[in-house]
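>>> generate a structure from the sequence data that follows.
(one chain, ligands or ions: 1)
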Amino acid sequence: MRYRTMMLFPVVFVLAVLASGTPAHAQPDCPRNSLCLYDGLNFTGELLILPGGEAESDLDRRDFGDRTSSVFNSSTAPGALYDDTDFKDRKICVFPGTGIANLGSDAYKFNNKASSASAPYTPRCGGGTPGR
Ligand SMILES: [Ca+2]
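All right, here's what the predicted structure looks like:
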């Protein structure tokens, strides 16, 4: 077992180097399998992490109500933001491996509006505006 682990290490190392080699559009600071909400544009500012499977029906509880300006989904399942608490009103879907750098853009008009959010692996994102 020990031998096998040592053989895998160089592969993991190479992948890590490749993943960090994207200077043009820096990868958002977001752990794997999470929906990451940022107070600032372009994945900056204060960060709220919702790990896969988690949902928050009232972002005020995490001091993050009406603050989200950008969002990134590092998981393999859709996540979503909602205009109202309890996953109600307008919904912005954030598809796997994508982010929205400016929720205030004309395409979304959703800056500082999210009041609840469902993280990846919740079945709440059947439609809505795709993330990009
Ligand atoms: Ca904000």
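>>> and the residue in the chain that the ion sits nearest to, what is it in contact with?
Proximity of the chain to the ion (CB to the ion) peaks at Ser69, 3.7 Å away. The C-beta positions use only the backbone N, C-alpha and C, and glycine is treated the same way. Shown in contact with Ser69 (CB atoms under 8 Å, 6 or more residues apart in numbering): 38-41, 45, 102-104, 111-112.
>>> just the residues you listed: which are in strands?
Tyr38 (DSSP state E).
>>> top of the contacts of Ser69 by number of neighbours, please.
Using other CB atoms under 10 Å as the neighbour test, the contacts of Ser69 are led by Tyr38, with 26 neighbours.
>>> quickly list what that residue is bridged to.
With DSSP bridges applied, Tyr38 shows beta-bridge pairing to Leu47, Ser70.
>>> where's it relative to Asp86, distance?
Look at Tyr38 and Asp86: by CB to CB, to the nearest Å, they are 23 Å apart.
>>> before we move on, what about Gly40?
Counting by CB to CB, the gap from Gly40 to Asp86 is 26 Å.
>>> who in this protein is up against the ion?
39, 67, 69, 112 (CB under 5 Å from the ion).
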